[in-house]
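Trainee: Any chance you could fold what I've pasted below:
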Amino acid sequence: MKDKFLYRHIGPDNQDAAEMLKTIGSNSVDELIGQTIPQAIRLTRPLELSAPLSEYDYLTALRNKASKNKIFRSYIGMGYYNTITPSVIRRNILENPGWYTQYTPYQAEIAQGRLEALLNYQTMVSDLTGLEIANASLLDEGTAAAEAMLMFFHHKNKRNVDSPKFFVDEDIFPQTLAVLQTKAEPIGIEIITGDHREWTPDDSYFGALFQYPSASGAIHNYSDIIAKCKAQNVYTTLAADIMALALLTSPGELGADCAVGNTQRFGVPMGYGGPHAAYFATHEDFKRVIPGRIIGVSLDSKGKNALRMALQTREQHIRREKATSNICTAQALLAIMAGMYAAWHGQEGIKSIALKINATTAALAEQLERAGFKVNNTSFFDTLTFVAGDKLETIRKAAEARKINFAYPGNGLIRVSLDETVSICDFADIVEVIKGINEELTINEEGLGIPKEIKRTSEFLTHAVFNRFRSETEMMRYIKRLENKDLSLTTSMIALGSCTMKLNAATELLPITWPEFSAMHPFVPGDQVIGYKEILEELEKDLCTSTKLWGTRRVCRFDGYQSLSFG
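Mentor: From the prediction side, this is the model:
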């Protein structure tokens, strides 16, 4: 069958293979394998894997699996939110092989378009965080927080480990805390959790991390505790919501040494948890030890502005033993999407989206109070935690009947996080589920819940690139202009190497935009992601079959939000 995936996506045909074998002096592929792979480790048994499918049959089978996932409206939050991917970005970047097959930007001369897009991302992050330097993305928020912890640990304990403690405020996303604990254990970092309002820094600590806004939704003014930390030479990091920073005083203005977070809600679908591009921003003092890639502006041989990766000595292909991170096309693609989202909306647009989210949240807070519910956080951006008490199960069942997901952190509490996709109809459904009555509702344009002393007054996204493209035609031309400056598989083979996204065929990439996959929050109940579970279980089985490690049949498991422990 010539429509098999094998024939469409393995480049060399039989004639090409024969010519290559002749060049290297082998008569067959089997002979070549015999010359290169020792007999002792050569596979002699057939692999018991599923039969291969044609592309059409594969998509049909995947559609069947996707249909087993249930699409609910998820207001769970915890760092993951529904977002609107502008069509001009989805069609011209996410679904465009001119962008998703580009090689990682080691060679600046064939990556000027991508480097400019990543520079836009860095500028966006630096503007919103109020910090001088930002990298061009990391894996996720938890990883970025862990990188900040490690950076400050090594900076403070250069010779002897005199300050092994790292304080983490208890109102943090649980997945971030889990990553921190995993990264801290091997090198002897002692993580201390507690209420930052009751914590006093001393010289046994090297750093501290606070969520901004907190996981429960509260907005704290961390300026006092940051000042106390500075007095003790304790470095501070804020894990800050990138959208909330349009309305909140920036981490840099509060005095923080570092800011980390996720840029997912800048136009990147949730995708059951990722991949997403995390941001990392800090002061110039740490530019030599900041993790990840940094795009810098330089001059070419003719004296014109040119972009390159700055401080490349950290990259794995140069100093592998010194590397802090690798570069991945997939991560670059998502950072580029987030940066283009900022270029598309600009300061005015981003602020308008943030105000809408906050105003809708304020309207929900008012409705909860009218219904007699106690809202635990009187300050908020997009998240409310309220006491449901004995009404919790009634609300949960009503929500499930309307295909709505809330977060249930325990102790009779319900948490609701709103986002840019919430319409007046969605808002009415949320209120009806909670209050049990249908009523006509309105949302005021001006939101409440942000303390006056912490409202943002500084400008952001002032560069021309964030104020130039407001029509689709202008944006499309800008994206295409950058694309044309790059080498990708649309123009030639890439001799230097490859990574995951470039090896994925169009048929494999089509499903990433299906709502049954892209709209899934990572903490939904397990019965809403049966299709995802089947795919993961098949992967487990195939990996175990391929490696013969039958005793480890639990390679990966993803449980719902309810399984998370809040300490």
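Trainee: got a pLDDT number for the residue lying closest to Gly389 once chain neighbours are set aside?
Mentor: Sequence neighbours aside, Gly412 is the residue nearest to Gly389 in space, at 4.9 Å (criterion: Cβ to Cβ, 6 or more residues apart in numbering). The C-beta positions use only the backbone N, C-alpha and C, and glycine is treated the same way. Listed pLDDT for Gly412 reads 97.
Trainee: Kindly tell me how buried Gly412 is, as a neighbour count.
Mentor: Counted by other Cβ atoms under 10 Å, the residues lying close to Gly412 total 13.
Trainee: who's in contact with it?
Mentor: Under the criterion of Cβ atoms under 8 Å, 6 or more residues apart in numbering, the contact list for Gly412 reads Val387, Ala388, Gly389, Asp390, Leu392.
Trainee: Leu418 versus the third one, what's the distance?
Mentor: Right, Gly389. From Gly389 across to Leu418, the span is 22 Å (Cβ to Cβ, to the nearest Å).
Trainee: How about the first one?
Mentor: Between Val387 and Leu418 the distance, using Cβ to Cβ, works out to 19 Å.
Trainee: Neighbour count for those two, which is higher?
Mentor: For Val387 versus Leu418, neighbours defined as other Cβ under 10 Å are more numerous around Leu418 (26 against 15).
Trainee: Would you agree the more buried one is in contact with Ile357?
Mentor: Yes: between Leu418 and Ile357 there is a contact under Cβ atoms under 8 Å: 5.7 Å.
Trainee: Contacts made by stretch 30-45 with the rest, please.
Mentor: By Cβ under 8 Å, 6+ apart, the surrounding residues in contact with stretch 30-45 are Leu21, Ile24, Ser26.
Trainee: want to throw these into CSV with secondary structure, neighbour count and distance to Gly436?
Mentor: Written out in CSV, the entries for the contacts of stretch 30-45 read as follows (DSSP: H, G, I helix; E, B strand; the rest coil; neighbours: other Cβ atoms under 10 Å; distance: Cβ to Cβ, whole Å):
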residue, secondary structure, neighbour count, distance to Gly436
Leu21, helix, 15, 74
Ile24, helix, 8, 75
Ser26, coil, 16, 75
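Trainee: can you map out the strands along the stretch 351-500 of the chain?
Mentor: In the stretch 351-500 of the chain, the segments counted as strands under DSSP state E, counting those that start in this stretch are 374-375, 383-387, 404-405, 407-410, 413-417.
Trainee: nearest to Leu49, of these?
Mentor: Comparing the strands of the stretch 351-500 of the chain by their distance to Leu49 (Cβ to Cβ), the top pick is strand 404-405, with 35.2 Å.
Trainee: quick check, distance from that closest one to the centre of its chain.
Mentor: If you compare the mean C-alpha spot of strand 404-405 with that of the full chain, they lie 22 Å apart, counting by Cα atoms, centre = their mean, to the nearest Å.
Trainee: How about stretch 201-212?
Mentor: The gap between where stretch 201-212 is centred and where its chain is centred comes out at 24 Å by Cα atoms, centre = their mean.
Trainee: what's the model's confidence in it, averaged?
Mentor: The pLDDT scores in stretch 201-212 average 98.
Trainee: What residues sit buried inside that stretch?
Mentor: Buried residues in stretch 201-212, counting neighbours by 16 or more other Cβ atoms under 10 Å, are found at Pro201, Tyr205, Phe206, Gly207, Ala208, Leu209, Phe210, Gln211, Tyr212.
Trainee: So which of the residues you listed is the closest to Phe286?
Mentor: Of all these, the one with the least separation from Phe286 (Cβ to Cβ) is Gly207, at 12.1 Å.
Trainee: Next secondary structure after the strand or helix carrying that closest one?
Mentor: The secondary structure element spanning Gly207 is strand 205-212 (assigned by DSSP states H and E). For strand 205-212, the following helix or strand on the C-terminal side (DSSP H and E) is helix 223-231.
Trainee: Show me what that next one is packed up against.
Mentor: If contacts are counted by 3 or more Cβ pairs under 8 Å, 6 or more residues apart in numbering; DSSP states H and E, helix 223-231 sits against strand 205-212, strand 235-240.
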